[in-house]
Structures are given as structure tokens and as C-alpha cells.
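**Q** how would this look folded up:
(one chain, ligands or ions: 2)
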Amino acid sequence: MALDLGPQPVPDAEAMHALGQHLARQVGAGDVVALVGDLGAGKTTLVRGLCTGLGIAPDDVSSPTFALCNVYDAGAFQVAHMDLYRLESPDDLQAAGLDEWLGAPDALCLIEWPEVARRALPTATIWLHLAVVHGGRTVVQNVT
Ligand SMILES: Nc1ncnc2c1ncn2[C@@H]1O[C@H](COP(=O)(O)OP(=O)(O)OP(=O)(O)O)[C@@H](O)[C@H]1O
Ligand SMILES: [Mg+2]
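**A** Residues are numbered from 1 along each chain as shown. Ligands and ions are numbered 1, 2, ... in the order given. This next block holds a predicted model:
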């Protein structure tokens, strides 16, 4: 599924938030979105915007760096916001019980630092790559 990611680069954090809100109209329950990008690339900002677009309070959204997964209520479905930075192997995903969220029909998964879990993610996973560029950030989709 090719997403509309709007004009690039995304010039500032406010525009990144707005892009997230735009994405909220394009993804939903059952989808898994993997957010690849270096430290500070804007992954959490994008997630916060997306969640805001789903009616979740922006202040409720923070990177689950230590919890691994935060769950938010979007009304019709749940949002599982993961940060796998501290994960060492894909098996840890199962050990933490997080694999049950992946592709669950009543959940949207948004995953920061997803690379370690690549082989555990559904083939339909939407891969977004964020990068720091002069004048902001780029967000591109890896359509395979
Ligand atoms: N498009 C943008 N242009 C410029 N700055 C941005 C943009 N998007 C987000 N930022 C800023 O970049 C910083 C890092 O953002 P954020 O925390 O979302 O990154 P992250 O990829 O989640 O980082 P981490 O790897 O630590 O989880 C914040 O100060 C945020 O406001
Ligand atoms: Mg983050």
C-alpha cells in the first residue's frame, strides 16, 4: 500500500506532526507501520501526529523506550506504539508478548527502531524511512 507522504522535505516538527495527522487517514486497524530513522529523526513526532489524528491526546504519546510498548485507545481500535531500540533479538519480541499485536485485526502497530524485529514483522508491514536533511527531515516509503 503506497501512502501519500506529502511534500518533501518536511521542514519542521510542526509539519512532521501534520504529516502524522495526514497518515491517520490512510492507516488503521490491522496495519503495521515500521519507522526507520536515526536518533532524533522524528519518529516519535510522526507517531504523536498520527495518534492525534486518531483522537488520542498528544500528551499521552511518548516513546516507550523502557516499556517497549505503549497502548493508546483510538476508540474503534487500539494503537500499540513500540520502541524496539533496546531489543536484542526478534525472539525478545515474543518473550515480551509483543508479537500478539502484530497484524492483530483490532490494533494499529507503530514501531520505532523496527530493524531488529524485521523477520518477525508481517510481510504487509509499511516501512517508512526518516532521515535528517538540510532543511528538515525526509520521510519516504520503502515499497517492495
Ligand atoms: N521535520 C522536522 N524538521 C526538523 N525537526 C524535526 C522534524 N521532525 C521532528 N523534529 C524534531 O527533532 C527532534 C527529535 O524528534 P523525535 O523525538 O520525534 O525523534 P525520534 O526519531 O523519535 O528520536 P529517538 O530515536 O530518540 O526515538 C525533536 O526536537 C523534534 O521536534
Ligand atoms: Mg522516538
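**Q** CA only for contacts and neighbour counts going forward, please
**A** Noted.
**Q** Run the chain-centre distance for the longest strand along the chain.
**A** With residue count as the measure and DSSP state E as the assignment, the chain has strand 126-133 as its longest strand. In terms of Cα atoms, centre = their mean, to the nearest Å, the centre of strand 126-133 is found 11 Å from the chain centre.
**Q** which is the next helix or strand following that strand?
**A** From strand 126-133 onward toward the C-terminus, using DSSP states H and E, the following helix or strand is strand 136-141.
**Q** Strands of this structure, start to end?
**A** 32-36, 69-73, 78-83, 107-112, 126-133, 136-141.
**Q** Convert the C-alpha atoms of the lowest-mean-pLDDT helix or strand in the chain to PDB, please.
**A** Taking mean pLDDT, DSSP states H and E as the measure, the helices and strands of the chain show their lowest mean at helix 90-95, namely a mean of 90. Taking C-alpha atoms only, helix 90-95 is exported to PDB below (Å, rounded to 0.1, in the frame of the first residue of the first chain):
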ATOM      1  CA  PRO A  90      13.500 -10.900  17.300                       C
ATOM      2  CA  ASP A  91      12.800 -13.600  19.900                       C
ATOM      3  CA  ASP A  92      12.700 -10.900  22.600                       C
ATOM      4  CA  LEU A  93       9.500  -9.600  20.800                       C
ATOM      5  CA  GLN A  94       7.800 -12.900  21.500                       C
ATOM      6  CA  ALA A  95       9.300 -13.100  25.000                       C
END
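**Q** That'll do, ta.
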